[in-house]
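>>> Turn this into a model:
(one chain, ligands or ions: 1)
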Amino acid sequence: MSASAATARSDASRRSRTPAWRDGWWWRAAAAPSPNHNARPAGAQIALVVVHSISLPPGRYGGDAIERLFTNRLDWSAHPYFETIRGLQVSAHFLIARTGKLLQFVSCDRRAWHAGASSWRGRADCNDYSIGIELEGLEGGRFTTAQYTQLAALLRALSRRYAIDAVVGHEHVAPSRKRDPGRGFDWNRLVRSLRWSRTRVPFATQA
Ligand SMILES: [Zn+2]
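Below is the predicted model of the structure:
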């Protein structure tokens, strides 16, 4: 057996010993546990993914301010913009940085605080039955190839674990309040890379 075959074999056996999900945490995400979560309502089935965009301060990438916000460790006085959100307690299940790096803040089995007042197909309070994924970016701006690649991998993993009916934007479940991820997010690119039916990615428009 060649060295590379031996390496491939030991990688495969390591993977087979590692469960993909453990208590709602995905093995490929770096865990950064947030205190901002609560129980989903009894019997709630996870059926929706809500995609968001965020950067702190807006348009500045690469720092740790988002991770600090979601874990209640942001120094509100460190930037004038942070003062405008002082005291905010929010979270999402996942964050995909511009580099594609993936962080997980809340177990998917728990209810993260990302969508606020919202509804999808007549069902209110999307936080009860959704997974929230933040993309580091600017509302209306473009996202990186590394982010699309990581998002597709994450959505595939989520759809193997949960009965995901639809992937939508925050702007679609809270249209009077929210505009993220906005026009720079390419739903068609996402649906092409997933090879999913457009019924599951309803804002993709290309066949
Ligand atoms: Zn949002």
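>>> which other helices and strands contact the longest helix seen in the chain?
Taking DSSP state H as the criterion, the chain has its longest helix at helix 145-161. Helix 145-161 sits against strand 48-54, strand 94-96, strand 130-136, helix 187-194, with contacts defined as 3 or more CB pairs under 8 Å, 6 or more residues apart in numbering; DSSP states H and E. Backbone N, C-alpha and C define where each C-beta goes, glycine included.
>>> I'd like the distance between the spatially closest residue to residue 92 that is not a sequence neighbour and the ion.
Excluding the flanking residues, the one nearest residue 92 by CB to CB, 6 or more residues apart in numbering is residue 132, at 3.8 Å. Distance of residue 132 to the ion, computed by CB to the ion, to the nearest Å: 8 Å.
>>> Who does the residue most central in space within the chain form a beta bridge with?
Against the mean C-alpha coordinate of the chain, by CA atoms, centre = their mean, the closest residue is residue 133 at 1.4 Å. As for beta bridges, residue 133 partners with residue 51, residue 94 under DSSP bridges.
>>> That one against residue 96, yeah?
Yes. Contact status for residue 133 versus residue 96: in contact at 6.8 Å, counting by CB atoms under 8 Å.
>>> Start from the N-terminal end of this structure and give the helices.
3-17, 65-70, 80-84, 145-161, 170-173, 187-194.
>>> From what I see, residue 157 and residue 26 are in contact.
Yes. In this structure, residue 157 is within contact of residue 26 by CB under 8 Å, at 5.9 Å.
>>> between those two, who's got more neighbours?
Legend: neighbour count by other CB atoms under 10 Å for residue 157 and residue 26, higher for residue 26 (21 against 16).
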